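[1] my questions are about this predicted structure, shown below with the sequence.
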Amino acid sequence: MSYQALARKWRPRRFSEITGQSHVVRALRNALAHDRMHHAYLFTGTRGVGKTTIARILAKALNCEQPLDGEPCCRCEICLAVDEGRFVDLIEVDAASRTRVEDTRELLENAQYAPSRGRYKIYLIDEVHMLSGHSFNALLKTLEEPPPHIKFLLATTDPQKVPVTVLSRCLQFNLKKLPADQIESRMTQVLEAEALDFDGEALHLLARAAEGSLRDALSLLDQAIAYGGGRVRAADVEGMLGGVARHSLKGMVEALVSGDAQAVMAEVIRLSEAAPDFAEVLKALLSLFHRIALAQQLPETADQDEERKWILAQAEALSPEDVQLYYQIGLMGQKDLPWAPDPRTGLEMILLRMLAFRPMEVAEQRVPAPKASASPGRKAGNSVPTSEVETREQAVPAEDPPALEGAGSLEWAALLERMRLSGMAKELAHHCVMQHLDDRRCVLMLDEGFEHLKNDRWHARLEQALQAVLKQSVKLEIQVGRSGSETPAMLHRRRQEEELAAAEKAIAEDETVRTLMETFDARVVPGTVKPVK
């Protein structure tokens, strides 16, 4: 029964062993090396980031018999006494259990006396924000004008509750949450030193679950070692944390990519068998979309783990617009989840919303079928027998894929409306005119004023979209020059101008507007007339 928890066993004993917090360590070591120590320090930050640990190392360095460049030697009698908790000149207090003013007065009664063994008598007050208002008042005078042999080291997770009169008398250091990669690196060191078997994915899950706290990470690591019988495996960690199996999340993303609602619901059913926290499932799904979005824009930043290949594959399969849409729907769904009839229903509705609003193939799937012209004796609202509709549909030439009989038979602007384009690829297409089209290649003429839009990446996206609409492996060629024809951008601009001119004419000829202008000596402000869409 002599086992010691990893968080205690591997607690840093020197500044050089501190994980992260370099901004605090550098300042303290320089102050110690140049003998410019303040009389009071306040360390703030969330739990498990090293506040009390740094305070103890500082207390050790202040009294060390053989310090070196601001580091305690950890070999002298004083350093050993501090590590073992028996150094009489280090008075460590938990303010949460000693909140009364009487406790504070009793604590400071001996502050006037010189230290017994070390150079300084050090008061380390943890969770100082728990002191009462009267206790702070009792502490304030000594904190403002302490004897030269006194140092105060205060630590708190809630500095907002510390009076400003106390804050102004301390040097304040805010300790940051640790990044997951630093926590993972520290756990790797610990497990290698302990000679325990582990895999990287398990440590990745533990580091994320710790949420920036190294102490929490080591406590979870202790639990994982016990759960896995001395081995740390990803499957065991997932089961221990009650989290989501990564393969289920991957299957869900793949089903969303393919637009398969049945497969998406199957993954939800499979997940529900493990009774997970569906809010955590949604957070994990959002985390995957975030990593996919990063991989699309910055492939080199993709995590170097076992999931890297899968993440890059999904980044290729999904468009950036789809990823952003899925992420935004999931993000907004987090607010709606507590109001759902039950968490699983809420998650299912969010996933169905992603499928319902996905832009992929919408233009192709929802193009209305050609309408058969009604005979003179038939009303528009009359129903048409199914057999007659089928006969007419067979008689009308199919529009998808379009006939590849040459450029003259296909309007480029009409073709663009059926393409799934956005961003700069769309801009490129809108400033082109089709010169030639057959079953092997398509030649576009790009307006020479927009030559800067000619880019390999946007060229490839336009070619891919064109092939999807034509359902042919067509090679796209883009030339730069003057086509003499109207580009879709010019056509759009001309139509806008015509609509605006028609709207301004309608306003000018409107009897009500004329009456208002004559009665109130009013005028139509130029540029304010907009056509009704």
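    In hand now; what should we look at?
[2] so which residues of the stretch 401-533 of the chain form strands?
    According to DSSP state E, counting those that start in this stretch, the stretch 401-533 of the chain carries its strands in the segments 432-437, 441-447, 475-481.
[3] so what touches the shortest one?
    The set of residues external to strand 432-437 that reach it, using CB atoms under 8 Å, 6 or more residues apart in numbering, is 404, 406-407, 410, 412, 415, 442-447, 474, 478-479, 483, 485-488. Heads up, the C-betas are built off the backbone N, CA and C, glycines and all.
[4] now the angle from that strand to strand 475-481?
    Calculated by axes from the mean of the first three to the mean of the last three CA atoms, to 10 degrees, strand 432-437 forms an angle of 130 degrees with strand 475-481.
[5] quick one, strand 432-437 and strand 441-447 angle?
    Using the same axes, to 10 degrees: strand 432-437 against strand 441-447 is 150 degrees.
[6] again, but for the last one
    Put simply, strand 475-481 runs at 30 degrees to strand 441-447, going by the same axes, to 10 degrees.
[7] quick thing: my sequence starts at 21, can you match it?
    Understood, numbering begins at 21; the last thing we discussed is strand 495-501.
[8] quickly run through the sheet partners of strand 495-501, with directions.
    strand 461-467 (parallel) (DSSP bridges).
[9] can you check the shortest one too?
    Within its sheet, strand 452-457 is paired with strand 461-467 (antiparallel), according to DSSP bridges.
[10] returning to that earlier point: just the buried residues of the contacts of strand 452-457.
    For the contacts of strand 452-457, a neighbour count by 16 or more other CB atoms under 10 Å gives the buried set as 424, 427, 430, 432, 435, 462-467, 494, 498, 503, 507-508.
[11] and the furthest pair within those residues?
    Using CB to CB, those span at most 24.6 Å, a distance reached by 424 and 467.
[12] roughly how far apart are residue 475 and residue 444?
    With the distance defined as CB to CB, to the nearest Å, residue 475 ends up 7 Å from residue 444.
[13] strands along the stretch 21-170 of the chain, start to end?
    Ranges of strands in the stretch 21-170 of the chain, per DSSP E, counting those that start in this stretch, are 60-64, 110-114, 141-146, 170-176.
[14] the longest one pairs with which strands?
    Read it as strand 170-176. Assessed with DSSP bridges, strand 170-176 is paired to strand 60-64 (parallel), strand 141-146 (parallel).
[15] so how many other residues sit close to the closest residue to residue 447 other than its chain neighbours?
    The shortest distance from residue 447 to any non-neighbouring residue, by CB to CB, 6 or more residues apart in numbering, is to residue 473 (5.8 Å). Look at residue 473: counted by other CB atoms under 10 Å, it has 20 neighbours.
[16] buried residues in the longest helix anywhere in the chain, which are they?
    Across the chain, the longest stretch assigned as helix under DSSP state H is helix 508-529. Judged by neighbour count using 16+ other CB under 10 Å, the buried positions of helix 508-529 are 508-509, 524.
[17] contacts for that helix?
    Contacts for helix 508-529 (CB under 8 Å, 6+ apart): 432-433, 436, 449-452, 506, 533, 544, 549-552.
[18] quick one, which of those are buried?
    Looks like the contacts of helix 508-529 have 432-433, 436, 449-452 buried, using 16+ other CB under 10 Å.
[19] what residue, apart from its backbone neighbours, is nearest residue 64 spatially?
    residue 179 is the one closest to residue 64 (CB to CB, 6+ apart), at 4.4 Å.
[20] show me the contacts for that neighbour.
    Residues counted as contacts of residue 179 (CB under 8 Å, 6+ apart) are 62, 64, 149, 187, 192, 194.
[21] low-scoring stretches of this structure, by residue?
    Per-residue confidence for the chain (pLDDT under 70) gives these ranges: 21, 262-267, 321-326, 379-430, 553.
[22] kindly report the domain assignment for it.
    Domains of the chain are assigned by automatic domain parsing as 28-194, 200-261, 266-376, 427-505.
[23] JSON lines please, covering these and showing distance to residue 538.
    Listed next are the domains of the chain as JSON lines, based on distance: least, CB to CB, whole Å:
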{"stretch": "domain 28-194", "distance to residue 538": "65"}
{"stretch": "domain 200-261", "distance to residue 538": "70"}
{"stretch": "domain 266-376", "distance to residue 538": "51"}
{"stretch": "domain 427-505", "distance to residue 538": "43"}
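[24] phi first, then psi, for residue 442.
    Per-residue torsions, residue 442: phi -160, psi 170 (degrees, to the nearest 10).
[25] what's the distance between the residue nearest to it when sequence neighbours are not counted and residue 195?
    Counting by CB to CB, 6+ apart, the nearest residue to residue 442 once its immediate chain neighbours are dropped is residue 341, at 5.4 Å. Plainly put, residue 341 is 40 Å away from residue 195 if you go by CB to CB.
[26] if anything else comes up later, I'll come back, but that's it for now.
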